[in-house]
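**Student:** One predicted model, sequence on top.
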Amino acid sequence: MRWLDHREPLPESLRGAIIALGNFDGFHLGHQAVAGEAIRWARAQGRPSIIATFDPHPVRHFKPDAPPFRLTTLEQRQEHYIAAGATAMLVFHFDGELAGTTAEDFVGRLLGDHLGVAGVVTGKDFTFGKARGGNFDKLVSLGRDAGIEARAVPPVMDGGKPVSSSRVRDALREGDPQEAARLLTRPFAIRGVVQHGDKRGREIGYPTANLPVEHYLRPKYGVYAVTGRILSTGQELKGAANIGVRPQFDPPKELLEPYFFDFSGDLYGQEIEVAFHHFLRGEAKFDSLEGLIAQMEKDCDEARGLLG
């Protein structure tokens, strides 16, 4: 799947594409509905389909000190878009120049002249352009002048409320990864490169893979039943993981620390993905190391049972 940069002209073979336009960070049920409409429309007309995203997220540009809220990396998004059936991913690099682009220039100059798109699909509440000067109605009128057809997809409703990234984030912050997975159609997963740590887990019989959390949203701190995937080999693993600041040890350090059952290989320097399936308990400090070890045994037994 091609990874396209909005600042570069599209290859001739991808001009005339149908684009799903949005941020699509979590690629939840609502995002999938918008992308699905674009892909179906493109196939019906024999055109390429492109799913767009913005990086960094516009919120990060305007509020650089906002707490981490990302649900996926660009690499994860690309894999989700491939699975959905898109031809390519287009990344709009959100900077001061793009933020200052008017709605008229965004449609006529960028989408029309520069990218040569034939059609755009958005959610009904999508806004664009400087100071959010454009909405779907404006996209339709501006697109008509630029030879671009526009379609809007209504929100996907669930329990009387639209599916949204905010609902996914709220579920994760509340320690409900199963609700997040239901809205995402897959478990929330953090991807990273395994780092060397202080080897505390190895010393107590539970060697963990230490992963930085970086810009991902922080789920509720605590212990989870997880699965892991080694990206270089595709090997699937099961385990229990703590995410938090490790109150048992000094100094506090925020990490994701999965312990994988029945695995003895070397993961240092490898990129892995850890998917959150069940919340087991909150992070806690124990009176003794023995107490921590006894609780970890219980956590692992529970995780094994839940993961089957």
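**Tutor:** Thanks, I have it.

**Student:** out of everything not next to it in sequence, what's closest to T185?
**Tutor:** Leaving out its chain neighbours, the residue that sits closest to T185 by CB to CB, 6 or more residues apart in numbering is L29, at 6.3 Å. To be clear about C-beta, it is placed using only N, CA and C from the backbone, and glycine gets the same treatment.

**Student:** R173 now?
**Tutor:** Excluding the flanking residues, the one nearest R173 by CB to CB, 6+ apart is K220, at 5.9 Å.

**Student:** Kindly confirm my reading that the one you found is in a strand.
**Tutor:** No. Counting by DSSP: H, G, I helix; E, B strand; the rest coil, K220 is not found in a strand; it is coil.

**Student:** My guess is it contacts G175. True?
**Tutor:** Yes. The pair K220 / G175 is scored as a contact, 3.6 Å apart, by CB atoms under 8 Å.

**Student:** what's the overlap in contacts for these two?
**Tutor:** Common contact partners of K220 and G175 (CB atoms under 8 Å, 6 or more residues apart in numbering): 279, 282.

**Student:** Mind checking the pLDDT average for stretch 21-30?
**Tutor:** Stretch 21-30 comes out with an average pLDDT of 96.

**Student:** follow-up on the earlier one: what is the neighbour count of the residue nearest to T185?
**Tutor:** Applying other CB atoms under 10 Å, we find 19 residues neighbouring L29.

**Student:** can you check A294 too?
**Tutor:** 12.

**Student:** for stretch 234-249, which positions count as buried?
**Tutor:** If you call a residue buried by 16 or more other CB atoms under 10 Å, then stretch 234-249 has these buried ones: 237-244, 246, 248.

**Student:** same question but for stretch 109-129, I mixed them up
**Tutor:** By neighbour count on 16+ other CB under 10 Å, the buried set for stretch 109-129 is 110-112, 115-123, 126-129.

**Student:** what sits against A44?
**Tutor:** By CB under 8 Å, 6+ apart, A44 lies in contact with nothing.

**Student:** Among the buried residues of stretch 109-129, which one sits closest to L90?
**Tutor:** Using CB to CB, L115 comes nearest to L90 of the buried residues of stretch 109-129, at 7.7 Å.

**Student:** on that earlier part again, would you mind confirming that the residue nearest to T185 makes contact with R186?
**Tutor:** No. Counting by CB under 8 Å, L29 stays clear of R186, with 10.9 Å between them.

**Student:** thinking again about what came up before, the residue nearest to T185 and V223: what is the separation?
**Tutor:** 28 Å (CB to CB, to the nearest Å).

**Student:** can you check A241 too?
**Tutor:** Using CB to CB, we find A241 at a distance of 7 Å from V223.

**Student:** Would you mind writing the CA trace of the longest strand along the chain as PDB?
**Tutor:** Secondary structure of the chain per DSSP state E: the longest strand is strand 271-282. In PDB, the C-alpha atoms belonging to strand 271-282 read as follows (Å, rounded to 0.1, in the frame of the first residue of the first chain):
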ATOM      1  CA  GLU A 271       9.300  -3.900  17.700                       C
ATOM      2  CA  ILE A 272       6.300  -5.500  19.300                       C
ATOM      3  CA  GLU A 273       2.600  -4.700  19.600                       C
ATOM      4  CA  VAL A 274       0.700  -5.300  22.900                       C
ATOM      5  CA  ALA A 275      -3.100  -5.500  22.700                       C
ATOM      6  CA  PHE A 276      -5.200  -4.900  25.800                       C
ATOM      7  CA  HIS A 277      -8.000  -7.400  26.300                       C
ATOM      8  CA  HIS A 278      -9.100  -7.400  30.000                       C
ATOM      9  CA  PHE A 279      -8.400  -5.100  33.000                       C
ATOM     10  CA  LEU A 280      -7.400  -7.200  36.000                       C
ATOM     11  CA  ARG A 281      -6.700  -4.600  38.800                       C
ATOM     12  CA  GLY A 282      -5.300  -1.200  39.400                       C
END
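
**Student:** Residues contacting whichever helix or strand comes after it, please?
**Tutor:** Tracing the chain past strand 271-282, the next element assigned as helix or strand by DSSP states H and E is helix 289-307. Residues outside helix 289-307 that contact it (CB under 8 Å, 6+ apart): 204-206, 223-227, 238-240, 248, 259, 261, 277-278, 280-281, 284, 286.

**Student:** Whichever of those end up buried, select them in PyMOL.
**Tutor:** Applying 16+ other CB under 10 Å to those, the buried members can be selected in PyMOL as follows:
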select buried, resi 206+223+224+225+226+227+238+239+240+248+259+277+278+280
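
**Student:** Quick check: S13 is in a strand.
**Tutor:** No. Going by three-state DSSP, the assignment for S13 is helix, not a strand.

**Student:** Let me see the ranges of the helices in the stretch 151-300 of the chain.
**Tutor:** 165-173, 177-184, 200-203, 289-307 (DSSP state H, counting those that start in this stretch).

**Student:** Ok, the stretch 1-150 of the chain next?
**Tutor:** Using DSSP H, counting those that start in this stretch, the helices of the stretch 1-150 of the chain run over residues 29-45, 58-62, 74-84, 96-99, 103-105, 136-146.
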